[in-house]
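Enquirer: Output the structure for:
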Amino acid sequence: MPRAIDVKDRFRARLQEADARSNEFRQKLLEEGTRALQPVVGVLNLMAEVLNEEDNVHGSITGLEARIDQDNFISLCAQLRGTEAEQKIKITYGPELGGSNFISVSGLNQRYNERLMPGAGRCASGRTVGSDIQLDEHRGDELAEVVREVVEDFYAAQIAQRSHFAFAR
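Expert: Next up, the predicted model:
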């Protein structure tokens, strides 16, 4: 039987090696996820800058930090806060069974979902799972354009609604 100290030392070494491999994997996944989500994050940051300008009274966009969770998914949850409404758009990047990576989006309405998944012709580059849309990781630019439209429509609709009620009086 090996000495107790040898058993402990070997076990510690194995744990440290496993931690190092796990941290290396998570760091690589975070880098890949940041790269894949960059077009969307870039658009949201630009729009948040406009909303953060000094005289803005239309609301804010928060939650734009990509984070890695315990299931090895990179996600961000953009919260659009207007003067009278709120909407969340959750975007996740991560591994799918079979080893490929995807971008999953929830919080869009049917009109925007249809832009990303216009029928069965696009099955190779995306699919729907419940209310989520799962896209090929290389469709970040296309997703960024749709998210830009969602944000513009969200804030413009609130302004139009306030204007409509002002005339209805």
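Enquirer: Other residues contacting the biggest strand by length in the chain?
Expert: When secondary structure is assigned using DSSP state E, the longest strand within the chain turns out to be strand 86-95. With Cβ atoms under 8 Å, 6 or more residues apart in numbering as the test, strand 86-95 has contacts from 29, 32-33, 36-37, 40, 63, 66, 71-80, 101-108, 137, 143, 147, 150, 154. The way it works is simple: take the backbone N, C-alpha and C, and place the C-beta from them, glycine included.
Enquirer: For PyMOL, what selects the buried ones among those residues?
Expert: Only the buried members of the contacts of strand 86-95 end up in this PyMOL selection, burial being decided by 16 or more other Cβ atoms under 10 Å:
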select buried, resi 29+32+33+36+37+40+63+66+73+74+75+76+77+78+79+80+101+102+103+104+105+106+107+108+137+143+147+150+154
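Enquirer: Counting only strands, which of the contacts of strand 86-95 make the cut?
Expert: Restricting these to those inside strands, with DSSP E as the criterion, leaves 74-80, 101-106.
Enquirer: Closest to N113 out of the residues you listed?
Expert: V105 (8.4 Å; Cβ to Cβ).
Enquirer: so what's the closest one scoring on pLDDT?
Expert: Residue-level confidence at V105 comes out at 92, pLDDT.
Enquirer: Contacts only, for it.
Expert: In this structure, V105 makes contact with I89, K90, I91, T92, L116, D132, I133, Q134, L135, L143, judged by Cβ under 8 Å, 6+ apart.
Enquirer: what about the residue most central in space within the chain, distance to R12?
Expert: Centroid-nearest residue in the chain: I91, 2.2 Å away (criterion: Cα atoms, centre = their mean). Computed as Cβ to Cβ, to the nearest Å, the I91 to R12 distance reads 39 Å.
Enquirer: No further queries at this time; thank you.
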